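> Dropping the sequence and predicted coords here.
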2 protein chains.
Amino acid sequence: MNAIFFVSTNIHKYNEIKSILQNRITDLNFNFYKQNLIEIQDDKIEKIAIEKAKSAYNMVQRPIIIEDDGLFINSLNGFPGQYSSYVFRSIGNRGILRLLEGNKDRSAFFKSIIVYSNGNIAKAFSGQINGNISSTITDDGWGYDPIFIPWNTHDNNENKTFAKLNKTNKKNELSHRRIALDKFVKWFTQNNKLKKL
Amino acid sequence: MNAIFFVSTNIHKYNEIKSILQNRITDLNFNFYKQNLIEIQDDKIEKIAIEKAKSAYNMVQRPIIIEDDGLFINSLNGFPGQYSSYVFRSIGNRGILRLLEGNKDRSAFFKSIIVYSNGNIAKAFSGQINGNISSTITDDGWGYDPIFIPWNTHDNNENKTFAKLNKTNKKNELSHRRIALDKFVKWFTQNNKLKKL
């Protein structure tokens, strides 16, 4: 049985990741370890994530996964970027829409960095999805999901926000988090196979 | 001769602090040590500053001063707060004014944390000044100075931004940074006297 702890304060992230990993890694015992981790301030989200994974492992002393993600709005020089969580708590989605009022370029991307560490290594996997910021907040959902409309969505998902797509589990098929986790799963299963040989 | 290094990337801060400290501490050799310090992400600005001072001392190995400051806007739940520097670089003063459009409560405060460390101790001194966010950007100046109007200013300073007050050196008489530095000077000179006894 593979036991991995997801270290975070965000139960929404845990549920999403669990739903994506389920049935893809055999006998995975994926647990939530609720803990606020100290983060460094840095313009590189990858650097923040690797440091966070190291401190998470030191705390749990078992294989862990942490995730850092951010919403990067092109016309706002990447804001809120690596500080997405703080910005959401302070000015929220209404603040973001306000900053973009009258702005033609509403393009943005979500980026996710998944880091796995077992004490010996800390390995990062990234995923990104491009989209637009919607002009209104119409849907329920957590974080920036109610204002992010991904591009290149299949079928008839056009103009649907992550929040709306999440209701039919479509979000998890195409999200930045899913892309990063696909890379992790591939690496992790190969790695496990090697060990078994 | 007292030699202290101010560790920062911000030459404006250095110039302001030097101008305030000059002639107040005898024989002070106050130097600029240009260095970007890794900061932790934390909701408490004091905690960020103390950690920053420790890493600054480890780098310089001589007595150092660092400063952390932030602009806290009450109706935006304290935004941009401890992330003022990043927010300024991304959305700038225009972004702040946009977030406050039509908002009756434009009150805000600047907070400064000065930390001195000589390797044995890391001592923090804080200063705060209340004010309002202006409705336009009319004055030159660095950072948020062009949009911050302090309350309770003496003489005829009413409705003058920090940027305007800085032109006649009035800013340094009343700023959050000045208040924090006054506390530091008092402590530092007493401490030096004790040593001489």
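That came through, no problem.
> just how off-centre is the biggest helix by length in chain A within its chain?
The helix that spans the most residues within chain A, counting by DSSP state H, is helix A:176-196. Distance, stretch centre to chain centre, for helix A:176-196: 16 Å (C-alpha atoms, centre = their mean, to the nearest Å).
> Now do the helices in chain A.
So, for chain A - with DSSP H - the helices run A:11-21, A:45-60, A:84-90, A:92-100, A:162-167, A:171-174, A:176-196.
> and the last one, C-alpha only, in CSV?
Put plainly, it is helix A:176-196. The C-alpha coordinates for helix A:176-196 follow below in CSV (Å, rounded to 0.1, in the frame of the first residue of the first chain):
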residue,chain,number,x,y,z
HIS,A,176,-3.7,22.7,-14.8
ARG,A,177,-3.8,20.4,-11.8
ARG,A,178,-4.8,17.4,-13.9
ILE,A,179,-2.0,18.1,-16.3
ALA,A,180,0.6,18.3,-13.5
LEU,A,181,-0.8,15.1,-11.8
ASP,A,182,-0.7,13.2,-15.1
LYS,A,183,3.0,13.8,-15.2
PHE,A,184,3.4,12.8,-11.6
VAL,A,185,1.4,9.6,-12.1
LYS,A,186,3.5,8.6,-15.1
TRP,A,187,6.7,9.2,-13.2
PHE,A,188,5.5,7.6,-9.9
THR,A,189,4.1,4.4,-11.5
GLN,A,190,7.3,3.9,-13.6
ASN,A,191,9.4,4.5,-10.5
ASN,A,192,7.4,2.0,-8.5
LYS,A,193,7.8,-0.6,-11.3
LEU,A,194,11.5,-0.1,-11.2
LYS,A,195,11.6,-0.8,-7.5
LYS,A,196,9.6,-4.0,-7.9
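> Assess the claim that A:N93 and A:Y144 are in contact.
Yes. With contact defined as C-beta atoms under 8 Å, A:N93 reaches A:Y144; the gap is 6.5 Å. The C-beta positions use only the backbone N, C-alpha and C, and glycine is treated the same way.
> which parts of chain A sit against chain B?
A:38-42, A:48, A:76-81, A:83, A:86-87, A:89-91, A:95, A:98-99, A:101 (C-beta under 8 Å from any C-beta of the partner chain).
> A:N93 and A:Y144: which has the busier surroundings?
A:Y144 (24 against 19; other C-beta atoms under 10 Å in any protein chain shown).
> What residues does that one make contact with?
A:L71, A:S84, A:F88, A:N93, A:I96, A:F110, A:F162 (C-beta atoms under 8 Å, 6 or more residues apart in numbering or on different chains).
> so which of those residues is the most crowded?
Neighbour-wise, the contacts of A:Y144 (other C-beta under 10 Å) top out at A:F162, 27 neighbours.
> which residues does that residue contact?
A:G141, A:Y144, A:D145, A:P146, A:F148, A:I149, A:P150, A:K171, A:S175.
> Return the distance of the spatially closest residue to A:M59 that is not a sequence neighbour relative to B:G70.
Spatially, and ignoring its direct neighbours in sequence, A:M59 is nearest to A:Q35 (6.4 Å; C-beta to C-beta, 6 or more residues apart in numbering or on different chains). Between A:Q35 and B:G70 the computed distance is 26 Å (C-beta to C-beta, to the nearest Å).
> These two - which one has more neighbours?
Between A:Q35 and B:G70, B:G70 has the larger neighbour count (other C-beta under 10 Å), namely 22 against 15.
> Could you give the number of residues near the closest residue to A:Y57 other than its chain neighbours?
Nearest non-adjacent residue to A:Y57, counting by C-beta to C-beta, 6+ apart: A:S117, 4.4 Å away. Neighbours of A:S117 under the rule other C-beta under 10 Å: 25.
> wait, what's in contact with the nearest residue to A:R24 once chain neighbours are set aside?
Of all residues not flanking A:R24 in the chain, A:V185 sits nearest, at 5.2 Å (C-beta to C-beta, 6+ apart). Neighbouring residues of A:V185 by C-beta under 8 Å, 6+ apart: A:L21, A:R24, A:I25.
> Ok, A:Q35 next?
A:V7, A:S8, A:T9, A:A56, A:M59.
> Select only the buried ones of those in ChimeraX?
Typed into ChimeraX, the line below selects the buried ones among those, using 16 or more other C-beta atoms under 10 Å in any protein chain shown:
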select /A:7,8,56
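> I'd like the contacts of A:Q35 as JSON lines, with distance to B:E16 appended.
Formatted as JSON lines, the contacts of A:Q35 follow (distance: C-beta to C-beta, whole Å):
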{"residue": "A:V7", "distance to B:E16": "41"}
{"residue": "A:S8", "distance to B:E16": "40"}
{"residue": "A:T9", "distance to B:E16": "37"}
{"residue": "A:A56", "distance to B:E16": "39"}
{"residue": "A:M59", "distance to B:E16": "40"}
